[in-house]
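Peer 1: Coordinates for the following, if possible.
(one chain, ligands or ions: 1)
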Amino acid sequence: MELRFSSALTFLWEAVTVRSILVFLVVFFLTADYVKRRLPKNFPPRPFSLPFVGNILQMNFTEPHVEIQKLVERHGNIFCLQIGSLPFVVISGLQMIREALVNQGEIFAGRPVIPLLFENFKDFGLIQSNGHTWKQHRRFALSTLRNFGLGKKSLEGRIQEEMRYFLEAVEEQRGQPFDPHYHINKSVANIICSITFGDRFEYHDSRFQELIRLFDETLLLELSVSSQLFNAFPNIIRLLPGSHNQVFSNWKKVKSFLSEEIARHREDWNPSEPRDFIDAYLTEMQKSADDADSSFNQENLLQSTLDLFLAGTETTSTTLRWALLHMLLKPDVQEKVQAEIDRVIGLSRLPVMEDRANMPYTNAVIHEIQRISNIVPLNVPRATVCDTTIAGFSLPKGTPISANLTSVLFDKNEWETPYEFNPEHFLENGQFRKREAFLPFSIGKRVCLGEQLAKTELFLFFTSLLQKFEFQAPKNEKLSLKARVGITLSPFPYRICAIPRY
Ligand code: HEM
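Peer 2: Numbering: from 1, shown residues only. Alright, predicted model coming up:
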């Protein structure tokens, strides 16, 4: 009897102990999480968020920008979203975004550490770098792109050269249905190849095809649930299987491809005759070899080259895919663009940039495609580089910021029909009209570095395609304007028929 009593006591003690330890651990972790996620004084308000995960579960991963618009309606133009341990401040509306990115341009010019990006790219290069490295590299890249009489070809010449190959490839489809995705990707990527490597690749080159595939796959995987969880809990998710691991191995392969190209350049580099971006960079490295402050080095060269691909291929190519989709859905708009092309350019020569000034309708259509496609809906994340205040709220140095471009591109106070494709948004008395709320390239110190290049590409590709072909949807195929969420908002795969016009 005594024995039974004592073993019951032991059992009870053990049970209580295990339970107390568990209770202690839960209380400990909840308190630690509460302390970690406690917002600084006078910080923008945060909607109700759960312990550990914050607002992640409230975000709809298939359409985060739509979910954020709903939050803007409820919480106003500035609030905070807890993504795991990162408190992101979301700013919306033209005025607030201008106040932050332009009026306080220097202060909002930082980039935060996003674990998935940091794991792959550290803070090298153009997109993820900060401070001195970013300033040096941005200045260098802008002037190198601007003076692009590098080698013997001008930038426009490089794009026109690519256009000829691209139009040929489209013609080879002989009016039969095809998915334009890879054709567009390859020719847009080839323009970056021409700028960075000095030459284009043949479309059937297997190394080139693999490079394009890697970019395409990785940019979609970067917004997968597993990658987002990695951003929220890097130390735990790193140990688990999931598509974030594929992201790491893909970027490794891309870097090794670029390293080989850089090594090849070093072999026959002639500083007095730079052929491309890599040559110009090698010259810059040599010039600043004795400058202890210089950030021109091998890591930054590799990453800047990768960044030009990363930022310059997917964006333009996605916009062009949206452009063709809208033309299939709006044959009347396509016809009006073609009438303007026939009147201003004719059929006997390729379009040139000078034509744009005489083509207000086509220019308006391209702007409207960019507005409604909203391909970078929440901008590339920014961070404050020192303590500041905005709209009466205090933001400490290093606060991650998301400028909600969607809120401006679809603002009903700025656009007559925000959710309708309407080129009239950019026209006044038949002339092209600039709009302040047209922000697909963002604004401020970190505004898209390739804006001019992108605008040149979009105009030349779009007009050359519509000059030569009439685009029709294949019979009985349904087209959808629903967006696929990756690093950009892109259309779901669709097919087109390109019927030669002459
Ligand atoms: C339709 C095409 C494009 C769109 C919509 C677009 C949009 C953007 C946006 C929204 C940003 C973030 C700006 C910010 O942080 O506020 C950005 C940054 C950037 N873009 Fe583009 N972009 C396009 C094409 C290009 C092209 C062709 C290049 C190639 C040179 C390029 C290079 C860059 C770079 C290097 C950055 C980072 C700039 C920095 O951090 O200082 N982009 N772009």
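Peer 1: Residue numbers of this structure in contact with the ligand?
Peer 2: Counting by Cβ under 6 Å from any ligand atom, the chain comes close to the ligand at 126-127, 138, 307-308, 311-312, 315-316, 319, 375-376, 379-380, 382, 440-442, 444, 446-450, 453-454. Where C-beta positions appear, they are placed from N, C-alpha and C, glycine not excepted.
Peer 1: Which ones among those lie within helices?
Peer 2: Using DSSP state H, 138, 307, 308, 311, 312, 315, 316, 319, 453, 454 are the members of these that sit in helices.
Peer 1: farthest pair in those?
Peer 2: 138 and 319 (22.5 Å; Cβ to Cβ).
Peer 1: For these two, indicate the residue with more neighbours.
Peer 2: Neighbour totals were compared for residue 138 and residue 319, and residue 319 leads with 24 against 17 (other Cβ atoms under 10 Å).
Peer 1: quick one, what contacts the closest residue to the ligand within the stretch 251-400 of the chain?
Peer 2: Across the stretch 251-400 of the chain, the shortest distance to the ligand (Cβ to the nearest ligand atom) belongs to residue 312, at 2.9 Å. Remark: with contacts taken as Cβ atoms under 8 Å, 6 or more residues apart in numbering, residue 312 is in contact with 188, 191, 192, 450, 453, 454.
Peer 1: Excluding sequence neighbours, find me the nearest residue to whichever residue of the stretch 151-300 of the chain sits closest to the ligand.
Peer 2: With Cβ to the nearest ligand atom, the shortest gap between the stretch 151-300 of the chain and the ligand falls at residue 192, namely 6.7 Å. Excluding its sequence neighbours, the residue lying closest to residue 192 (Cβ to Cβ, 6 or more residues apart in numbering) is residue 312, at 4.8 Å.
Peer 1: How confident was the prediction at the one you found?
Peer 2: For residue 312, the model assigns a pLDDT of 92.
Peer 1: do you know how far it is from residue 304?
Peer 2: The gap separating residue 312 from residue 304 is 12 Å, by Cβ to Cβ, to the nearest Å.
Peer 1: for residue 480, same thing?
Peer 2: 37 Å.
Peer 1: go on, residue 21?
Peer 2: Computed as Cβ to Cβ, the residue 21 to residue 304 distance reads 52 Å.
Peer 1: What count of nearby residues applies to residue 181?
Peer 2: When counting by other Cβ under 10 Å, one arrives at 18 neighbours for residue 181.
Peer 1: contacting residues around it?
Peer 2: 321, 493.
Peer 1: Give me the contact list for stretch 100-112.
Peer 2: 86, 91, 123, 127-130, 134, 380-386, 388, 390, 398, 400-401, 403, 442-446.
Peer 1: could I get the contacts of residue 312 as TSV with pLDDT and neighbour count?
Peer 2: Below are the contacts of residue 312 laid out as TSV (pLDDT from 0 to 100; neighbours: other Cβ atoms under 10 Å):
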residue	pLDDT	neighbour count
188	97	27
191	95	24
192	94	23
450	94	22
453	93	22
454	95	20
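Peer 1: before we move on, back to that, residue 480 and residue 304: which has the busier surroundings?
Peer 2: residue 304 (24 against 10).
Peer 1: The more buried one: which element?
Peer 2: Using DSSP states H and E, the element containing residue 304 is helix 298-312.
Peer 1: If you count neighbours, what's buried in that helix?
Peer 2: 300-312 (16 or more other Cβ atoms under 10 Å).
Peer 1: low-scoring stretches of the stretch 151-300 of the chain, by residue?
Peer 2: Scanning the stretch 151-300 of the chain for pLDDT under 70 picks out 151-153.
Peer 1: can you give me the strands in it?
Peer 2: Shown for the stretch 151-300 of the chain, no strands are assigned by DSSP state E, counting those that start in this stretch.
Peer 1: quick one, helices of it?
Peer 2: 155-171, 181-197, 206-221, 225-232, 234-237, 243-267, 277-287, 298-312 (DSSP state H, counting those that start in this stretch).
Peer 1: In space, what's closest to the residue in the chain that the ligand sits nearest to - neighbours in sequence excluded?
Peer 2: Nearest residue of the chain to the ligand: residue 450, at 2.1 Å (Cβ to the nearest ligand atom). Among residues not flanking residue 450 along the chain, residue 312 sits closest, at 5.1 Å (Cβ to Cβ, 6+ apart).
Peer 1: Okay, the one you found and residue 204: tell me how far apart.
Peer 2: With Cβ to Cβ as the criterion, residue 312 and residue 204 are 22 Å apart.
Peer 1: What of residue 482?
Peer 2: Taking Cβ to Cβ, one finds residue 482 at 32 Å from residue 204.
Peer 1: Can you list the buried residues in stretch 120-132?
Peer 2: Buried residues in stretch 120-132 (16+ other Cβ under 10 Å): 120, 121, 123, 124, 125, 126, 127, 128, 129.
Peer 1: quick one: which of those residues sit in strands?
Peer 2: With DSSP state E as the criterion, strands contain none of the buried residues of stretch 120-132.
Peer 1: Out of the residues you listed, flag the one nearest to residue 175.
Peer 2: Nearest to residue 175 among the buried residues of stretch 120-132, with distances taken as Cβ to Cβ, is residue 127, at 40.1 Å.
Peer 1: Give the phi and psi angles for that closest one, as a check.
Peer 2: With angles defined as degrees, to the nearest 10, residue 127 sits at phi -90, psi -40.
Peer 1: Pretty sure it sits against residue 308.
Peer 2: No: using Cβ atoms under 8 Å as the test, residue 127 is too far from residue 308 to be in contact (9.5 Å).
Peer 1: Just the helices from the stretch 351-500 of the chain, written as ranges.
Peer 2: 360-373, 405-409, 451-468.
Peer 1: for these, which one sits closest to residue 75?
Peer 2: Closest among these, using Cβ to Cβ: helix 405-409, at 12.1 Å.
Peer 1: how close does residue 342 sit to residue 502?
Peer 2: As judged by Cβ to Cβ, residue 342 and residue 502 stand 10 Å apart.
Peer 1: Neighbour count: those two, which is higher?
Peer 2: residue 342 (13 against 7).
Peer 1: Correct me if wrong, but the more buried one is in a strand.
Peer 2: No: counting by DSSP: H, G, I helix; E, B strand; the rest coil, residue 342 falls outside a strand, being helix.
Peer 1: pLDDT at it, what is it?
Peer 2: 98.
Peer 1: Now render the contacts of residue 312 as JSON lines, adding distance to residue 210.
Peer 2: Below are these laid out as JSON lines (distance: Cβ to Cβ, whole Å):
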{"residue": "188", "distance to residue 210": "17"}
{"residue": "191", "distance to residue 210": "19"}
{"residue": "192", "distance to residue 210": "16"}
{"residue": "450", "distance to residue 210": "24"}
{"residue": "453", "distance to residue 210": "25"}
{"residue": "454", "distance to residue 210": "25"}
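Peer 1: Relative to residue 146, which of these is nearest.
Peer 2: Nearest to residue 146 among these is residue 453, at 9.7 Å by Cβ to Cβ.
Peer 1: Look up how far residue 481 lies from the closest one.
Peer 2: In terms of Cβ to Cβ, residue 453 sits 27 Å off from residue 481.
Peer 1: Check residue 379 too.
Peer 2: From residue 379 to residue 481 the distance is 22 Å (Cβ to Cβ).
Peer 1: cool, residue 89 as well?
Peer 2: Applying Cβ to Cβ to residue 89 and residue 481 gives a distance of 30 Å.
Peer 1: Between those two, point out the one with more neighbours.
Peer 2: Neighbour count, other Cβ under 10 Å: between residue 89 and residue 481, residue 89 has more, with 23 against 13.
Peer 1: excluding its backbone neighbours, what's nearest residue 294?
Peer 2: residue 288 (3.5 Å).
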